[in-house]
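Undergrad: heads up, no residue letters with this:
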Ligand code: HEM
């Protein structure tokens, strides 16, 4: 790669220098007053401010700049303009009230055709494909939520508890697989694909993240010709395999539907039944129509894996580090559920458990930068012009640390959702806190036309899974066998993906009693026959 550095410099420098030279001449000729600007870090020629922006944990640098430059500031990176927001109400003004302007998505260099294509609902511009897929996913999610996901969350949680009881060391793997199994069951009646689903999601997220392929930051490298461009060939293979896998699952589901063997409580059933209805019973579809269907269901279920696995892993971490909150939540569970594993119907009676979950997502954001929006046309905000294509980042990490709303922001404080003395307290506690429609913390799920489509399942899945783990286990920090010391956990070490998971850490799970162990095993026994394991 010795040739790469001069090449990068040439690619970055020549067009940018030319552009800046021409702009200066034009400004000088027109004797224009400089345009008003938002404050922001000092910019340097060509690079803007890319040189000291870390690819990993970038959100911390954005928070640091917010502390200096305020709740809305601007910066640029190699010619791309950014507006960074660290205040919820400003984010709402731009991304909700002016959602008709700020709801595009920026180009991610290492992916093919995600803005106009059919593969990635969350990364499309507002095309017809996006409208169609978003509408379909929204309706499918709302309908499944009405039935609390048909009991599959509880069934899979019985398996998850058994895995934690028998193989606690691999709790990180079990946690992601658990989330993958639930989504794969709901999508295609194929829970056994949960592990593949998790791996596929993880790899896709790597490719779409700034911390992923270097071409996502050094974008001109993407133009290197064939043999010199490992990123393009990797992506072609990755995307091809993912599409083929989604399409195969869709076709298998279609065959099962035709034979009357596909369960009605799958998203594939919902889709195929609509096809049959619209075509007077015929299931004939062109290759493109099948691929569209496969991507709609495939991406929907892929995005639901790590988005929940990340917060679940941080929740387990928080419980290990905060025995006082673990105990409070367990007392609540013992009172409400006794010897019965918790379920969706216990929602109203478990405010402490919900507060611990909600605080987890505030304390360690699953999407710490938010998902970037892009200006679809020129605009002006507070007298400052915002040019078309500017990327708007509502930095979740910073928004979650606004002291006036979240006092003592660096610490894990579930009481902020339970105690009327805190600004984020909301009544009645039988309903709040929640993820779906709390007045506070809704920024974690984004804004306006691009708002998250998964909040319903987040409420159910995190509640049942989190409450059930607390019901079954005592959790604590691992202890070093040699020194007898607690093994420290780095709570900020993550994979730095756009949707992130904590890095591997160690902790201890002990079944709360022998009786509880028996219950965990019996629960698993009661569902094992109906579970697809291989
Ligand atoms: C705690 C868990 C989750 C968090 C914090 C979260 C957060 C987000 C955020 C910040 C966005 C971008 C919104 C914007 O651009 O303004 C988003 C979009 C999206 N989310 Fe979630 N999400 C979670 C779980 C899920 C789940 C479980 C699913 C599906 C099963 C899901 C499906 C989606 C989809 C499809 C979009 C794209 C919407 C669009 O671009 O039009 N999310 N989510």
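TA: Good, I have the coordinates. Note that the coordinates shown come from a computational prediction; the quantities given were computed from them, not determined experimentally.

Undergrad: how close does residue 161 sit to residue 517?
TA: Distance of residue 161 to residue 517, computed by CB to CB, to the nearest Å: 10 Å. C-beta coordinates here come from the backbone N, C-alpha and C atoms, glycine included.

Undergrad: Give me the spatial nearest neighbour of residue 503, chain neighbours excluded.
TA: residue 493 (4.0 Å; CB to CB, 6 or more residues apart in numbering).

Undergrad: Equivalent analysis for residue 507, please.
TA: residue 320 (4.2 Å).

Undergrad: Verify the stated contact: the one you found with residue 487.
TA: No - Residue 320 lies out of contact with residue 487 (CB atoms under 8 Å); the separation is 10.0 Å.

Undergrad: Between those two, which has more neighbouring residues?
TA: When residue 320 is set against residue 487 and neighbours are counted by other CB atoms under 10 Å, the residue ahead is residue 320, at 21 against 14.

Undergrad: That one - that's part of a helix, no?
TA: Yes - judged by DSSP: H, G, I helix; E, B strand; the rest coil, residue 320 forms part of a helix.

Undergrad: Quick one: name the residues of the stretch 201-350 of the chain near the ligand.
TA: Contact residues (CB under 6 Å from any ligand atom) of the stretch 201-350 of the chain with the ligand: 300, 303-304, 307-308, 311.

Undergrad: Quick check on those residues: which are buried?
TA: Buried members of these, scored by 16 or more other CB atoms under 10 Å, are 300, 303-304, 307-308, 311.

Undergrad: quick revisit: neighbour-wise, which of residue 161 and residue 517 wins?
TA: Using other CB under 10 Å as the criterion, residue 161 and residue 517 rank with residue 161 on top: 28 against 18.

Undergrad: Contact partners for that one?
TA: 341, 468-469, 472, 520, 523-524 (CB atoms under 8 Å, 6 or more residues apart in numbering).

Undergrad: from those, which single one is nearest the ligand?
TA: Nearest to the ligand out of the contacts of residue 161 is residue 469 (CB to the nearest ligand atom; 16.5 Å).

Undergrad: what about that closest one, which SS state?
TA: Following three-state DSSP, we place residue 469 in the helix state.

Undergrad: Among the contacts of residue 161, which lie within strands?
TA: Residues of the contacts of residue 161 located in strands (DSSP state E): none.

Undergrad: contacting residues around the residue in the stretch 301-450 of the chain that the ligand sits nearest to?
TA: Nearest to the ligand in the stretch 301-450 of the chain, going by CB to the nearest ligand atom, is residue 446, at a distance of 2.1 Å. Listed by CB under 8 Å, 6+ apart, the contact set of residue 446 reads 95, 367, 370-371, 394, 452.

Undergrad: Using CSV, please lay out these together with pLDDT.
TA: Below are the contacts of residue 446 laid out as CSV (pLDDT from 0 to 100):
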residue, pLDDT
95, 98
367, 97
370, 97
371, 97
394, 98
452, 98
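
Undergrad: Just the ones of these in helices?
TA: Using DSSP state H, no member of the contacts of residue 446 falls within helices.

Undergrad: of the residues you listed, closest to residue 110?
TA: Nearest to residue 110 among those is residue 371, at 16.2 Å by CB to CB.

Undergrad: Which pLDDT value goes with the nearest residue to the closest one once chain neighbours are set aside?
TA: Nearest non-adjacent residue to residue 371, counting by CB to CB, 6+ apart: residue 446, 6.1 Å away. On pLDDT, residue 446 comes in at 98.

Undergrad: how close does residue 446 sit to residue 370?
TA: 6 Å.

Undergrad: intersection of neighbour lists for the two?
TA: Counting by CB under 8 Å, 6+ apart, the contacts common to residue 446 and residue 370 are residue 394.

Undergrad: Quick check: end-to-end length of stretch 202-217?
TA: Terminal residues of stretch 202-217 lie 19 Å apart, using CA to CA, to the nearest Å.

Undergrad: got the buried residues for it?
TA: Quick answer for stretch 202-217 (16+ other CB under 10 Å): 202, 204-217.

Undergrad: rewinding a little: run through the residues that contact the residue nearest to residue 507.
TA: Shown in contact with residue 320 (CB under 8 Å, 6+ apart): 475-477, 489, 507-508.

Undergrad: Out of the residues you listed, which is nearest to residue 63?
TA: Using CB to CB, residue 489 comes nearest to residue 63 of those, at 21.4 Å.

Undergrad: if I look at the nearest residue to the closest one once chain neighbours are set aside, how far off is residue 373?
TA: Excluding its sequence neighbours, the residue lying closest to residue 489 (CB to CB, 6+ apart) is residue 505, at 4.7 Å. Separation of residue 505 from residue 373 (CB to CB): 33 Å.

Undergrad: more crowded one of these two?
TA: residue 373 (28 against 19).

Undergrad: correct me, but the more buried one touches residue 450?
TA: Yes - the criterion here is CB under 8 Å, and residue 373 meets it with residue 450 at 6.5 Å.

Undergrad: Now for the two: what residues contact both?
TA: With CB under 8 Å, 6+ apart as the test, residue 373 and residue 450 both reach 95, 103, 105.

Undergrad: what's near enough to touch the last one?
TA: If I follow you right, that is residue 105. Per CB under 8 Å, 6+ apart, neighbours of residue 105: 114-115, 122-125, 371-374, 450.

Undergrad: which of the residues you listed are close to the ligand?
TA: Checking the contacts of residue 105 against the ligand by CB under 6 Å from any ligand atom, the ones in range are 122, 371, 373, 450.

Undergrad: Now rank these by neighbours and give me the top one.
TA: Neighbour max across these (other CB under 10 Å) = residue 373, 28 neighbours.

Undergrad: so who does it touch?
TA: By CB under 8 Å, 6+ apart, residue 373 lies in contact with 95, 102-105, 391-394, 447, 450.

Undergrad: now with 10 Å?
TA: When contacts are counted by CB atoms under 10 Å, 6 or more residues apart in numbering, residue 373 touches 83, 85, 91, 94-95, 99, 101-106, 390-394, 446-450.

Undergrad: Kindly list the main-chain dihedrals of it?
TA: Geometry field for residue 373 lists phi and psi as phi -100, psi 160, criterion degrees, to the nearest 10.

Undergrad: Strands of the stretch 251-400 of the chain, start to end?
TA: Along the stretch 251-400 of the chain, counting by DSSP state E, counting those that start in this stretch, strands occupy 373-374, 379-381, 384-386, 391-394.
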